[in-house]
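In: Here's my sequence, what's the structure:
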Amino acid sequence: MSARRAFTAFLTLGTALAASAPASAGTRVYISNERSSTVSVVDLESRAIVAEWPVGQRPRGIVLTRDGKYLLICASLDNAVEVRDPATGALVRTLPSGADPEQFFPAFDGRYLFVANEDNAAATAVDLVEGKVAWQVAVGEEPEGIAQSPDGTWLLVTSEEDNTVAWVDVASHEVRLEMETDARPRHVEFTPDGTQVWIGAEMAGTVHIADVATRTITRTIAFAPPGVPAYKVMPCGIRFTPDGRTAVVALGRANAVAVVDVASGEVRGYVPVGERPWHLAILPDGGSALVANGASDTLSLIDIAMREVIATIPAGKGPWGVALGH
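Out: This is a model prediction of the structure:
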């Protein structure tokens, strides 16, 4: 079978992609380690690393296809997205991605992969069937966070340097709005119902909540973990429980995550974790989350309701992204 036909088959066998774990995800977890250029494979039942694979340089964004057949990794310094076999780590294919891919988001139509390119201030749409760049759009400087609205209409891209979020019309590939934010927006995440989008402003220590229908910020959440100086509170990764009722926010140098009520925007409490949590994943039952601690080379498994760490698991050097497998 040709590479083109094989990859077309990959797309059509139920492989629409998702930015968060599929409902059937189990206990196998994949962690991108940016400093060791590896992916750690963790078994949550034994709470141990069962494999570690060398991958491209400075891996950051990481996600599995919905059917679990392929693992996708942003190899940032290689300017590529790697497609790997999640069972063996074998490289299946390398996709072009534009310069310095940081995070990516799989389109809901299953055809494209949207990539934030930090070095050339652009967002790139990679055609997964053709295996090539389909289109690019210029956005603000140092884009990192990227997400598509659940209805497929909008592609949002954060600009850390310009303190803006670009609202890109997916159909026309045009920026319709440059939304101003607090300092250094780093991550953007839609609620499961698509009515809100949450924006983590790292240097300001805040998270904005924007109404998608009006494209305006309606609330800004500040964080104050006990005993932590305000300058260390640096929101990054955000994830929602499957029911959409709770958000978990990684707070960077605060060495903690916040648990937030989505309906009210009120912080329920904080969970101290390892050093500099970057990103996280919430397990399908919504009861626990796995947090990548970038400066302590560990993962924290937390009970969300109890707001406590129930296990600390070693990882590679500089764990950054978390993907849940089958």
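In: Can you get me a residue count around residue 149?
Out: 17 (other Cβ atoms under 10 Å). Using the backbone N, CA and C atoms, a C-beta is placed for each residue, glycine as well.
In: go on, residue 265?
Out: 16.
In: what comes up buried for stretch 48-61?
Out: 49, 52, 53, 55, 56, 58, 59, 60, 61 (16 or more other Cβ atoms under 10 Å).
In: how near is residue 104 to residue 185?
Out: Separation of residue 104 from residue 185 (Cβ to Cβ, to the nearest Å): 17 Å.
In: Okay, and the beta partners of residue 219?
Out: residue 209 (DSSP bridges).
In: Run a quick neighbour tally on it.
Out: 13.
In: so who does it touch?
Out: 208, 209, 265 (Cβ atoms under 8 Å, 6 or more residues apart in numbering).
In: from what I can see the first one touches residue 180, true?
Out: No. Under the contact definition of Cβ atoms under 8 Å, residue 208 does not touch residue 180, with a separation of 9.9 Å.
In: Those two: which has the busier surroundings?
Out: A direct count of neighbours by other Cβ under 10 Å for residue 208 and residue 180 places residue 208 higher, at 24 against 12.
In: Once you drop chain neighbours, what's closest to the more buried one?
Out: Sequence neighbours aside, residue 199 is the residue nearest to residue 208 in space, at 4.3 Å (criterion: Cβ to Cβ, 6 or more residues apart in numbering).
In: can you dump the C-alpha coordinates of the one helix or strand that neighbour maps to into CSV?
Out: In this assignment (DSSP states H and E), residue 199 forms part of strand 196-201. C-alpha atoms of strand 196-201 as CSV (Å, rounded to 0.1, in the frame of the first residue of the first chain):
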residue,chain,number,x,y,z
GLN,A,196,-17.4,29.8,26.4
VAL,A,197,-13.7,29.9,25.7
TRP,A,198,-11.2,30.2,28.5
ILE,A,199,-7.9,32.0,27.9
GLY,A,200,-4.9,31.6,30.3
ALA,A,201,-2.8,34.8,30.5
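In: Contacts for that strand, please.
Out: By Cβ under 8 Å, 6+ apart, strand 196-201 touches 145, 147, 149, 156, 158, 163, 165, 181-191, 207-212, 217, 235-238, 247, 249, 262.
In: separation between the residue nearest to residue 208 and residue 260?
Out: Distance from residue 199 to residue 260, by Cβ to Cβ: 13 Å.
In: Settle it for me: which of these two has more neighbours?
Out: residue 199 (26 against 23).
In: one step back: next, format the buried residues of stretch 48-61 as TSV and append distance to residue 87.
Out: Output for the buried residues of stretch 48-61, formatted as TSV (distance: Cβ to Cβ, whole Å):
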residue	distance to residue 87
49	16
52	14
53	11
55	15
56	19
58	24
59	18
60	22
61	21
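In: Mind checking which of the residues you listed are in strands?
Out: 49, 52, 53, 59, 60, 61 (DSSP state E).
In: Let me see the ranges of the helices in the stretch 101-250 of the chain.
Out: Counting by DSSP state H, counting those that start in this stretch, the stretch 101-250 of the chain has no helices to list.
In: What subset of the contacts of strand 196-201 is buried?
Out: 145, 147, 149, 156, 158, 163, 165, 181-182, 184-191, 207-210, 212, 217, 235-238, 247, 249, 262.
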